[in-house]
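1. model the structure of this input:
(one chain, ligands or ions: 1)
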Amino acid sequence: MTRPVLPADVDFGAAEQHRVIIIGSGPAGYTAALYAARANLSPVVIAGIEPGGQLTTTTDVENYPGYADGVMGPQMMEDFQRQAARFGAGIRSGIVTHVDFSERPFRLVVDEEVPMAADAVIIATGASARYLGLENEKRLLGRGVSACATCDGAFFRGVELAVVGGGDSAMEESLFLTRFATKVYLIHRRDALRASKIMQQRVFDNDKIEILWNTMVVDVLGQDEVSGVRLRSAQTGEERDLPVGGFFVAIGHTPNTALFKGWLESDAQGYLITEPRSTHTNIPGVFACGDAQDHVYRQAVTAAGTGCMAAIDAERFLAAEPAA
Ligand code: NAP
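-> So this is what the prediction gives:
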């Protein structure tokens with residue numbers, strides 16, 4: 001593996017030294033912080049590009065246990081943060097731009113210039129849903145545009161919906177949405193699906209799903225909320241508007257793990273590999289949790305669960321090893 005090098009002008013002689021640094025501030029990061037703080041490890045969370053993670057782009061969260069009446073995503077992440085801070089977790093804004101895991105203490109650079117060092121590192125950088133990149137898609141995010149049917153599907157009862165994508169996620173999202181929608185248009189840019197045969201068959205067998213083949217979404221329509229999508233035929237270039245009450249993007253996720261390339265083992269899609277039933281990566285003392293290492297469940301509650309595991313794994317690792 002080619003290992004990235006740290007910027008030469010960052011002076012590690014002046015680096016802040018911590019027992020545990022947690023990279024990322026979604027449910028996994030804050031839960032790891034809560035447990036590490038309660039274990040007297042005085043963890044520091046580097047909150048990252050989107051403090052609070054993916055949940056800050058959702059509206060109501062109704063499937064997180066304990067919030068019986070539901071909660072707004074940003075509020076929930078504020079609650080997570082407050083709970084971790086209450087036990088002494090430090091929370092810093094900033095982005096970790098470089099890491100060096102060659103020896104302990106591990107070295108990190110925040111915002112290209114601030115040196116930090118830690119005896120253990122917990123990675124909770126999450127994954128980002130991929131979007132088409134349309135201006136109105138971004139503007140209407142959370143107002144009819146969603147990348148998570150499990151999170152938002154139930155808000156779209158009795159309306160027609162559109163899903164874009166041709167992989168297993170798009171099949172799963174479309175099938176899930178038929179529970180609420182009167183009809184689901186599955187829009188795919190080619191004439192063959194990428195999804196597994198079994199998932200394809202379930203879609204073909206579902207009367208509520210209509211597949212629009214060789215079709216691209218070129219715009220999302222609506223003032224305050226989604227009222228439709230503009231489609232373009234990949235064969236003729238012809239455009240037409242399709243009225244729908246919601247638009248689900250299911251074209252894949254990208255784990256936020258590029259920073260660790262050269263240090264940590266990942267699968268073909270970039271998800272960090274951890275030892276079975278643990279959060280240990282291939283480097284002792286570096287732990288990974290949440291969506292950065294899980295492409296299967298990708299739920300806030302499962303991310304929080306693995307965040308707890310990472311803190312316990314880190315605590316046991318540090319108890320067994322003297323501080324570097
Ligand atoms: P994926 O397999 O990479 O599929 C992404 C789909 O989105 C492809 O059909 C692709 O089209 C389409 N796409 C990508 N960029 C696009 C764009 N700009 N415009 C329009 N369409 C675009 O991603 P995924 O479905 O999220 O699945 C990721 C992995 O998780 C896969 O290994 C999958 O098997 C697994 N997964 C499994 C399950 C399950 O088993 N229940 C559920 C979800 C995910 P093309 O086909 O033309 O490239």
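
2. quick check: Ala127 vs Gly53, distance?
-> As judged by C-beta to C-beta, to the nearest Å, Ala127 and Gly53 stand 9 Å apart. All C-beta atoms are positioned from the backbone trio N, CA, C, and that covers glycine.

3. shouldn't Val218 be within a strand?
-> Yes - the assignment for Val218 is a strand, going by DSSP: H, G, I helix; E, B strand; the rest coil.

4. OK, contacts around it?
-> Contacts for Val218 (C-beta atoms under 8 Å, 6 or more residues apart in numbering) come out as 134, 230-232, 239.

5. what about the residue of the chain found nearest the ligand, neighbour count?
-> Taking C-beta to the nearest ligand atom, the ligand has its nearest neighbour within the chain at Gly167, 2.3 Å off. By other C-beta atoms under 10 Å, 17 other residues sit near Gly167.

6. top of the contacts of Val218 by neighbour count?
-> Result: Leu231 is most packed of the contacts of Val218 (other C-beta under 10 Å), 21 neighbours.

7. so for the closest residue to that residue other than its chain neighbours, what's the pLDDT?
-> Leaving aside its chain neighbours, Leu231 sits nearest to Thr215 (5.2 Å; criterion: C-beta to C-beta, 6 or more residues apart in numbering). Listed pLDDT for Thr215 reads 98.

8. so which residues on the stretch 201-324 of the chain come close to the ligand?
-> 251-253, 295 (C-beta under 6 Å from any ligand atom).

9. a markdown table for the residues you listed, including secondary structure, distance to Asp79 and neighbour count?
-> Output for those, formatted as a markdown table (DSSP: H, G, I helix; E, B strand; the rest coil; distance: C-beta to C-beta, whole Å; neighbours: other C-beta atoms under 10 Å):
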| residue | secondary structure | distance to Asp79 | neighbour count |
| --- | --- | --- | --- |
| Ile251 | coil | 31 | 19 |
| Gly252 | coil | 30 | 17 |
| His253 | strand | 25 | 20 |
| His295 | coil | 26 | 16 |
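
10. let's have those in CSV, adding pLDDT.
-> Converted to CSV, these look like this (pLDDT from 0 to 100):
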residue, pLDDT
Ile251, 96
Gly252, 89
His253, 88
His295, 88
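
11. now for those, which pair is the farthest apart?
-> Farthest-apart pair in those is Ile251 and His295; separation 14.1 Å (C-beta to C-beta).

12. shaky segments in the stretch 151-300 of the chain?
-> In the prediction, the stretch 151-300 of the chain carries no residues with pLDDT under 70.

13. hey, where'd the helices end up in it?
-> 168-177, 197-204, 300-320 (DSSP state H, counting those that start in this stretch).

14. dump the residue contacts of the closest residue to Ile21 other than its chain neighbours.
-> Using C-beta to C-beta, 6+ apart and skipping the chain neighbours, the partner closest in space to Ile21 is Ala118 (3.9 Å). For Ala118, the contacting residues are 17-21, 44, 105-106, 108, by C-beta under 8 Å, 6+ apart.

15. in this protein, which strand is the longest?
-> In the chain, assigned by DSSP state E, the strand with the most residues is strand 114-123.

16. given it, what are its sheet partners and their directions?
-> strand 16-23 (parallel), strand 106-110 (antiparallel), strand 286-288 (parallel) (DSSP bridges).

17. number of residues surrounding Glu265?
-> Glu265 has 12 nearby residues by other C-beta under 10 Å.

18. can I assume it is in contact with Val286?
-> No - taking contacts as C-beta atoms under 8 Å, Glu265 lies outside contact range of Val286: 10.8 Å.

19. which one of the helices of the stretch 151-300 of the chain lies nearest to Phe260?
-> For the helices of the stretch 151-300 of the chain, proximity to Phe260 was assessed by C-beta to C-beta; helix 300-320 is nearest, at 14.4 Å.

20. lovely, talk soon.
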